[in-house]
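Undergrad: this one's structure only:
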Ligand code: KG4
Ligand code: ZN
């Protein structure tokens, strides 16, 4: 059972082929990715129209590359999968359109995959895949959720952000420091040179007793801190960026303090979710799962409690086609996919 998957929800074009034969965990046979980061950098964020156009340019050459890696012709593919949402409508339509066109041309079924299910299941492509049940911490640019996962398609939401996502908190803090886009990795890199205890920033909802998150207030606190430091400097804020008057040490300290605040909340709430469910396994997925401070702190806290933590391979933390092909494969194996042919309409769910 060969499944070709397309991811085009935002600023990465991803294509991958997995073998989901029998009951064995699907195996990756080929995968290719093109990141649009460089193209969007000049604008300080993703420009949806440019994203859609670039997906169109990249998707077929990437598909050829994946089939060449696997040494197979397109006609060998049994099922075609694409990200159905959430994401940018125009961007999603590219993956969906290509998947439906290929499905129709090859006479193969097409299935839409939820982007977050792709992230959630992505650790199953690692050398040491998790076993069900587990608690999942899903931390991406658009979502922050804790879930109880009992099997493929058996997900119970335990808590989620009531405003900004963790990735957004990273990105917005980075922007306030003039670090550009994408902010998460840049802020994390700068934070390595800073003191995480330099500035006292809020840990929103840390003691709320539930498993919800809130990160919007943190952004305001970072803004206030940057303004305070900028005004304390003789140059004042009359430069092109608010954070320009800050010294490199001050910037690194703000970055480290912001990162520490975000990570503290994510770790504390993940542990609370493990307590609440009584489960002994944690899966961390989504772009923020690449953050090294988050990994260090979760690893240390979980080692103490004899809880196993699973991450996707580092290169599969952010958006990619492999997780979409994998999620489709696991759904097919679990009997949850509608494999009827002919429904080749572009049904995206932005
Ligand atoms: O999962 P993802 O690639 O896309 C979405 O589905 O949103 O996540 C992207 C998010 C961005 O907010 C990015 O800044 C953040 O993940 N991110 C990180 C790191 N790498 C990516 N945040 C903190 N530290 C990182 N190393
Ligand atoms: Zn994503």
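TA: Everything's here; your move. Treat the numbers as computed from the prediction; the structure is a model and nothing was measured. Ligands and ions are numbered 1, 2, ... in the order given.
Undergrad: What's the local residue count around residue 319?
TA: Neighbourhood size, residue 319 [other CB atoms under 10 Å]: 26. C-betas here are computed from N, CA, C, even on glycine.
Undergrad: ok, residue 350 - contacts?
TA: Going by CB atoms under 8 Å, 6 or more residues apart in numbering, residue 350 touches 85, 86, 87, 88, 89, 92.
Undergrad: interface residues of the stretch 251-350 of the chain facing ligand 2?
TA: residue 319 (CB under 5 Å from the ion).
Undergrad: Which residue ranges of the stretch 51-200 of the chain form strands?
TA: Using DSSP state E, counting those that start in this stretch, the strands found in the stretch 51-200 of the chain span residues 79-85, 110-114, 134-139, 144-151, 154-160.
Undergrad: wait, which of those strands is closest to residue 23?
TA: strand 144-151 (13.1 Å; CB to CB).
Undergrad: okay, the angle between that closest one and strand 154-160?
TA: 160 degrees (axes from the mean of the first three to the mean of the last three CA atoms, to 10 degrees).
Undergrad: and the contacts of residue 350 as a markdown table, adding distance to ligand 1, pLDDT and neighbour count?
TA: Shown next, in a markdown table, are the contacts of residue 350 (distance: CB to the nearest ligand atom, whole Å; pLDDT from 0 to 100; neighbours: other CB atoms under 10 Å):
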| residue | distance to ligand 1 | pLDDT | neighbour count |
| --- | --- | --- | --- |
| 85 | 11 | 97 | 18 |
| 86 | 8 | 96 | 18 |
| 87 | 8 | 97 | 24 |
| 88 | 11 | 97 | 22 |
| 89 | 15 | 98 | 15 |
| 92 | 12 | 98 | 29 |
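Undergrad: sorry, back to before: with distance to residue 208 added, can I get the strands of the stretch 51-200 of the chain in TSV?
TA: Listed next are these as TSV, based on distance: least, CB to CB, whole Å:
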stretch	distance to residue 208
strand 79-85	29
strand 110-114	27
strand 134-139	17
strand 144-151	13
strand 154-160	9
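Undergrad: Would you mind giving the domain segments of this structure?
TA: Domain assignment for the chain by automatic domain parsing gives 2-122+317-333, 131-311.
Undergrad: winner for burial among these?
TA: domain 2-122+317-333 (a mean of 21; mean count of other CB atoms under 10 Å).
Undergrad: Run the chain-centre distance for it.
TA: 15 Å (CA atoms, centre = their mean, to the nearest Å).
Undergrad: Same question for stretch 150-164.
TA: The answer for stretch 150-164 is 14 Å, by CA atoms, centre = their mean.
Undergrad: and it, does that touch ligand 1?
TA: No - contact of stretch 150-164 with ligand 1 is not found when judged by CB under 6 Å from any ligand atom; the minimum separation is 10.1 Å.
Undergrad: so what does the top helix by length along the chain touch, helix or strand wise?
TA: If you go by DSSP state H, the chain has its longest helix at helix 248-277. Other helices and strands packing on helix 248-277, by 3 or more CB pairs under 8 Å, 6 or more residues apart in numbering; DSSP states H and E, are strand 134-139, strand 144-151, strand 154-160, helix 166-176, helix 183-191, helix 216-231, strand 281-285, helix 292-304.
Undergrad: which residues are contacting the shortest one?
TA: Applying CB under 8 Å, 6+ apart, the contact partners of strand 281-285 are 119-123, 130-131, 133-139, 149, 270, 274, 294-295, 298, 302, 307-312, 317.
Undergrad: Pull up the residues of the stretch 1-150 of the chain that are close to ligand 1.
TA: Within the stretch 1-150 of the chain, the positions adjacent to ligand 1 are 119, 140, 141, 142 by CB under 6 Å from any ligand atom.
Undergrad: Hmm, I typed the wrong one, I wanted the stretch 201-350 of the chain.
TA: 286, 287, 288, 290, 291, 318, 319.
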